[in-house]
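**Student:** Make a model of this:
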Amino acid sequence: MLLPTGAQARGRTLPGRKVVIVGCGAVGMACAVAILHRGCQEELVLVDVAHDRLEGEVMDLCHGLPFLPRTDLRAGSVEEEGRDADLVVITAGVAQQPGQSRRELVERNAALFRRLIPPIALHCPRAVLLVVSNPVDVLTHIAGQLSGFPAHRVIGSGTVLDSARFRMAISRRLGIDPHDVQACVIGEHGDSEVPVWSRVAVAGSGLVDGGWEGSRTLADPELQELFHGEVRQAADAIIRLKGSTSWAIGLATAEIVEAVLRSKDQMLTVSSRSHGHYGLPDVCLSLPTIVNDSGAAALVQMALTEKEMGQLRHSAGVLRSMLDAAGF
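**Tutor:** Below you'll find the model as predicted:
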């Protein structure tokens, strides 16, 4: 069931799109490389306060443009080179440290967004904003408040990556291609995220409660152990090993960017305003969403179990508490 979010009923395929990435550390550059490979934009502008390093990154990437789809790539500012962008990707923020929860990042990154968002809204008034910085749900909500944009034009990367990790974990356990697994994670991108086990399907067959040969029940502790170890704790494990996550979130971001720029009407678990659906409070969180050039065009209401519904409400409550603490 599709639930409108205030966006256009259907997007349009518009050539000549300009993308700006604000924040070009490890995540921002991974996003840039992944977006360049997609070839869905005409212009890509990179913005960062570390000007010398940014110039070096752009020079390095420009040397590889002969191997990529045609793109006008340059460094600059939102006020000049980035003006009138169609899509602004925000990866700027304080990096998550080993053992640090996303919630601990709220105060410092909220202060940063108070400086970043107003100029973006002023100089890119028709853009779709895509927030990748953590905690992504809280910062997506804050970006919406500070920009004054319609809610459908402010989205976050949400649980798009978590859903990919979920599919990957299941595919490895079953020994099949992850493209043949349909699974999603909803709610907060963080500790309270909700795996929707009841809707997991493999080649069209339900994975649990008899839908798959040798399938488990929803109460099977092995399912929870799989999710906790290979999905919910995945970022912490990567941060301990290499210092930060970058490549997979870059690829996930490029998937969202292409859905917007090509107006694909693609269903992705991006973070956006809940609009009271499922009786949730006013927060940004991830639900299956139709994404096109208008941003979050419509939410897809899933049939959830009573337990999953309770977990989703809990997740929304966690986010609402974080927003209240941040003054939003």
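**Student:** Please make it C-alpha for all contacts and neighbour counts, starting now.
**Tutor:** Noted.
**Student:** got the phi/psi numbers for Thr159?
**Tutor:** Torsion angles at Thr159 (phi, psi; degrees, to the nearest 10) stand at phi -110, psi 30.
**Student:** right, and it touches Ser271 too?
**Tutor:** Yes. The criterion here is CA atoms under 8 Å, and Thr159 meets it with Ser271 at 7.3 Å.
**Student:** center of this structure, which residue is that?
**Tutor:** Ser157 (0.8 Å; CA atoms, centre = their mean).
**Student:** Spit out the contact partners of that residue.
**Tutor:** 130-132, 136, 252-253, 256, 269-271 (CA atoms under 8 Å, 6 or more residues apart in numbering).
**Student:** Go again with 6 Å.
**Tutor:** Residues in contact with Ser157 (CA atoms under 6 Å, 6 or more residues apart in numbering) are 132, 270.
**Student:** what does Met267 give?
**Tutor:** Applying CA under 6 Å, 6+ apart, we find Met267 in contact with 289-290.
**Student:** and it, what pLDDT?
**Tutor:** Confidence at Met267, expressed as pLDDT, is 98.
**Student:** What's the separation between it and Leu87?
**Tutor:** From Met267 over to Leu87 the distance is 18 Å, taken as CA to CA, to the nearest Å.
**Student:** between Thr159 and Ser271, who's got more neighbours?
**Tutor:** The neighbour comparison of Thr159 against Ser271 (other CA atoms under 10 Å) goes to Ser271, with 33 against 29.
**Student:** so what's the more buried one bridging to?
**Tutor:** Gly156, Ser286 (DSSP bridges).
**Student:** ok now the helix or strand hosting Ile21, how far from the chain's centre?
**Tutor:** Using DSSP states H and E, the element containing Ile21 is strand 18-22. Chain-centre distance of strand 18-22: 15 Å, with CA atoms, centre = their mean, to the nearest Å.
**Student:** For it, name the packing helices and strands.
**Tutor:** strand 43-47, strand 87-90 (3 or more CA pairs under 6 Å, 6 or more residues apart in numbering; DSSP states H and E).
**Student:** in the helix or strand just after it, what's buried?
**Tutor:** Counting by DSSP H and E, the next helix or strand C-terminal to strand 18-22 is helix 26-38. Neighbour counts using 16 or more other CA atoms under 10 Å place 26-37 of helix 26-38 among the buried residues.
**Student:** same thing with stretch 289-308?
**Tutor:** 289-300, 308.
**Student:** Which of those residues fall in strands?
**Tutor:** Residues of the buried residues of stretch 289-308 located in strands (DSSP state E): 289-292, 295-300.
**Student:** For the stretch 51-200 of the chain, which segments count as strands?
**Tutor:** Listed in chain order, the strands of the stretch 51-200 of the chain (DSSP state E, counting those that start in this stretch) span residues 72-75, 87-90, 128-131, 154-156, 181-182, 185-186, 194-195.
**Student:** State the next helix or strand along the chain beyond the last one.
**Tutor:** So that's strand 194-195. By DSSP H and E, the next helix or strand past strand 194-195 is strand 201-202.
**Student:** Among the strands of the stretch 51-200 of the chain, which comes closest to Val20?
**Tutor:** Among these, strand 87-90 comes nearest to Val20, with 4.7 Å by CA to CA.
**Student:** Adjacent strands (with direction) for that closest one?
**Tutor:** Going by DSSP bridges, the partners of strand 87-90 are strand 18-22 (parallel), strand 128-131 (parallel).
**Student:** Single out the most deeply packed of those.
**Tutor:** For those, the largest average neighbour count (mean count of other CA atoms under 10 Å) is found in strand 128-131, namely a mean of 28.
**Student:** Could you export that strand as PDB, CA atoms only?
**Tutor:** Extracted in PDB, the C-alpha atoms of strand 128-131 (Å, rounded to 0.1, in the frame of the first residue of the first chain):
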ATOM      1  CA  VAL A 128      16.900  17.200  -2.900                       C
ATOM      2  CA  LEU A 129      19.000  16.900   0.300                       C
ATOM      3  CA  LEU A 130      20.500  13.500   1.000                       C
ATOM      4  CA  VAL A 131      22.000  13.200   4.500                       C
END
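**Student:** quick thing: my sequence starts at 53, can you match it?
**Tutor:** Got it, the first residue is 53 from now on, which makes the last one we talked about strand 180-183.
**Student:** so who does Pro170 touch?
**Tutor:** Per CA under 6 Å, 6+ apart, neighbours of Pro170: Ser199.
**Student:** any idea how far it lies from Ile194?
**Tutor:** For Pro170 relative to Ile194 (CA to CA), the value is 11 Å.
**Student:** that older thread, now do the residue nearest to the centre of the chain against Leu96, distance only.
**Tutor:** From Ser209 to Leu96 the distance is 19 Å (CA to CA).
**Student:** where along the stretch 253-380 of the chain do the strands fall?
**Tutor:** So, for the stretch 253-380 of the chain - with DSSP E, counting those that start in this stretch - the strands run 253-254, 257-258, 318-320, 323-325, 336-338, 341-344, 347-352.
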